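A.B. asks: need a structure here:
(4 chains)
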2 protein chains.
Amino acid sequence: MDKLIYIADDDDNIRNLLKSFLERENFRCIGFPNGDALLEQYSNSPCDLVILDVMMPGHDGFYILKEIRKTSNVPIIMLTAKDSDADYIQGLDLGSDDYFTKPFSPVKLVSKVKSVLKRQEDLTGKTSAKETDDGLISFADIVINRKTKEATLAGEPFPLTPNEYALLTYLISNRDRAISRTELLDKIWGYETQVETRVADDTVKRLRKKISHSGARISTIWGYGFRLVMRTDEDGAEGDDSDD
Amino acid sequence: MDKLIYIADDDDNIRNLLKSFLERENFRCIGFPNGDALLEQYSNSPCDLVILDVMMPGHDGFYILKEIRKTSNVPIIMLTAKDSDADYIQGLDLGSDDYFTKPFSPVKLVSKVKSVLKRQEDLTGKTSAKETDDGLISFADIVINRKTKEATLAGEPFPLTPNEYALLTYLISNRDRAISRTELLDKIWGYETQVETRVADDTVKRLRKKISHSGARISTIWGYGFRLVMRTDEDGAEGDDSDD
DNA sequence: TTAATTTGGTGCAAATATGAGGAATTGATT
DNA sequence: AATCAATTCCTCATATTTGCACCAAATTAA
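C.D. replies: So this is what the prediction gives:
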């Protein structure tokens, strides 16, 4: 983590409470007894996230919020003693990210802080050229791009029909468990479909042929369904299909 | 505004309440009685924001949240009946943007929706490298000027009809993913979802002819839709599409 | 062991998806 | 009214996918 957080609240107890919770999660925190002090510090040295009480000596939290927003998009979370719709709306309209009413759960606040920071990273990092977390899922030497709906096997693109694609995607995302035929029918063919139960076997069959020379294998759970597993050496010897 | 919002909640009253409040603010809303229906619709035609109840028939809100997050960063707001720290944290950890406990203030929710959308725009708008500040977007040797609504191919101006222009612009700005027919119909023709028409194919057909000697190509994702890709050497000879 | 049940493979026909050409329609402009 | 461009609709040809029947092989139960 290693993010820096500024907190402005005139109540020492609340500042310290927040600091201790946040530091436990490896955030660095600096507390300020009023908003003006925070604002001055911020303009000299910006931080990664701001927590602002609304009612403080000097300028109130809304004013500080507005001032920061003139120059920055830093995430800002507001704290307030009174639970009023109007205040809530004003806070959000002015550009804060969230609004907590006292007394609040410090655990929730910490969670919110993390979430807001993560969101920020996702959005700003994503539109650049980051390759990670682009909706890619993989198993063995199979990679599926859920955005482009393309699949590759050992780096080579290989074609999948819509049903095969849905089935393989489902198997990969549930690699850790066996999946029953009825579940497959529900998930891939839909809840109210009129096809025979064996159609799942059909698609499994076709998929097996296509991935026959990959590191993955669809194993049968007798009397129940299927599960995606790694292919072992013995598999190759037994059910060897080296053709294409 | 003109943003599209999907709402999943099994309680008709809540859905309608939200719809009426949101539509009053000029959002377009579509309600779903459960999360699975929303998920299916979303995968065919994404929206700008999602509101998910946690407890629903079928898969619960957390599951739907996870599924959507596999392919998308769309803002998601969770609704729940029980006010538990653990749930709150789980929701945020899984990537939701906020968490409202019932009964909640619709006014606050609407305010939150606006705030989240605005935040998203601020962040992506400022960091996106796709569109330069002079309104130019490009792909391969195609350049589109969104201000003058003119296009050039390899430096030469080339004429596009209004529909072709809209389609090409949409394909270029979503170059990183496959786009379904229903999404095209929704976004470019404004048709309600689930209409069976092949106008999109028609426009794709004409557009393909026009860009036939450019570095870009519209590839078909069988059973789903289209995607704009770079033309490779092999493409020129035969219309080989190894897409799934 | 035999019998009953479940699963896997082959082949085929029906259903579905796509692309091309051209006709019909719409809408704007003479 | 006539014209023209743009769009939509229609039909046909073709390609692909999918469900199902049938039988063989595998597994379990008795």
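
A.B. asks: what's downstream of the helix ranked longest in chain A, the next helix or strand?
C.D. replies: Scanning chain A for the longest helix, with DSSP state H as the assignment, gives helix A:106-127. Under the assignment DSSP states H and E, the closest C-terminal helix or strand after helix A:106-127 is strand A:136-139.

A.B. asks: Please point out which parts of that next one sit buried.
C.D. replies: Neighbour counts over strand A:136-139 (16 or more other C-beta atoms under 10 Å in any protein chain shown) mark A:137, A:139 as buried. (C-beta placed from N, C-alpha, C; glycine too.)

A.B. asks: what packs against that strand?
C.D. replies: If contacts are counted by 3 or more C-beta pairs under 8 Å, 6 or more residues apart in numbering or on different chains; DSSP states H and E, strand A:136-139 sits against strand A:142-145, helix A:162-173.

A.B. asks: And these: which comes nearest residue A:53?
C.D. replies: Distances from residue A:53 to each of those were compared using C-beta to C-beta; the shortest belongs to helix A:162-173, at 43.3 Å.

A.B. asks: what does the domain assignment say about chain A?
C.D. replies: Chain A breaks down by automatic domain parsing into domains covering A:4-127, A:136-238.

A.B. asks: out of those, deepest packed?
C.D. replies: Mean neighbour count, computed with mean count of other C-beta atoms under 10 Å in any protein chain shown, is highest for domain A:4-127 among the domains of chain A, reaching a mean of 18.

A.B. asks: can you tell if that domain touches chain B?
C.D. replies: Yes - for a cut-off given as C-beta under 8 Å from any C-beta of the partner chain, domain A:4-127 has contacts with chain B, namely A:73, A:85, A:88-89, A:92-93, A:95-98, A:105, A:107-108, A:111-112, A:114-115, A:118-120, A:122-124, A:126-127.

A.B. asks: then the longest helix of chain A to CSV, C-alphas only?
C.D. replies: Once side chains and other backbone atoms are set aside, the C-alpha atoms of helix A:106-127 remain, and they are given as CSV (Å, rounded to 0.1, in the frame of the first residue of the first chain):
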residue,chain,number,x,y,z
PRO,A,106,-14.1,2.4,11.6
VAL,A,107,-14.0,-1.0,9.9
LYS,A,108,-16.4,0.2,7.2
LEU,A,109,-14.5,3.4,6.8
VAL,A,110,-11.2,1.6,6.3
SER,A,111,-12.9,-0.7,3.8
LYS,A,112,-14.2,2.3,1.9
VAL,A,113,-10.8,3.9,1.9
LYS,A,114,-9.3,0.8,0.3
SER,A,115,-12.1,0.5,-2.2
VAL,A,116,-11.9,4.1,-3.3
LEU,A,117,-8.2,3.9,-3.8
LYS,A,118,-8.4,0.7,-5.7
ARG,A,119,-11.1,2.1,-7.9
GLN,A,120,-9.0,5.0,-8.7
GLU,A,121,-6.1,2.8,-9.6
ASP,A,122,-8.3,0.6,-11.8
LEU,A,123,-9.7,3.5,-13.7
THR,A,124,-6.5,5.5,-14.2
GLY,A,125,-4.3,2.5,-14.7
LYS,A,126,-6.7,0.7,-17.0
THR,A,127,-7.0,3.2,-19.7
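
A.B. asks: now that helix and helix B:106-127, what's the angle there?
C.D. replies: Between the direction of helix A:106-127 and that of helix B:106-127, the angle (axes from the mean of the first three to the mean of the last three C-alpha atoms, to 10 degrees) works out to 40 degrees.

A.B. asks: which residues are contacting helix A:106-127?
C.D. replies: The list of residues contacting helix A:106-127 from outside it, by C-beta atoms under 8 Å, 6 or more residues apart in numbering or on different chains, reads A:3, A:5, A:17-18, A:21-22, A:25, A:27, A:48-49, A:51, A:75, A:77, A:97-98, A:100, A:133, B:73, B:85, B:88-89, B:92-93, B:95-97, B:120, B:123-124, B:127-130.

A.B. asks: next one: it to chain centre, how far?
C.D. replies: Its chain's C-alpha centre lies 10 Å from the corresponding centre of helix A:106-127 when counted by C-alpha atoms, centre = their mean, to the nearest Å.

A.B. asks: Also stretch A:92-110?
C.D. replies: The mean C-alpha position of stretch A:92-110 is separated from the chain mean by 20 Å, C-alpha atoms, centre = their mean.

A.B. asks: Figure out the length between the terminal residues of that stretch.
C.D. replies: Start to finish, the residues bounding stretch A:92-110 are 19 Å apart (C-alpha to C-alpha, to the nearest Å).

A.B. asks: isn't residue A:177 right next to residue A:227, touching?
C.D. replies: Yes - with contact defined as C-beta atoms under 8 Å, residue A:177 and residue A:227 form a contacting pair (6.9 Å).
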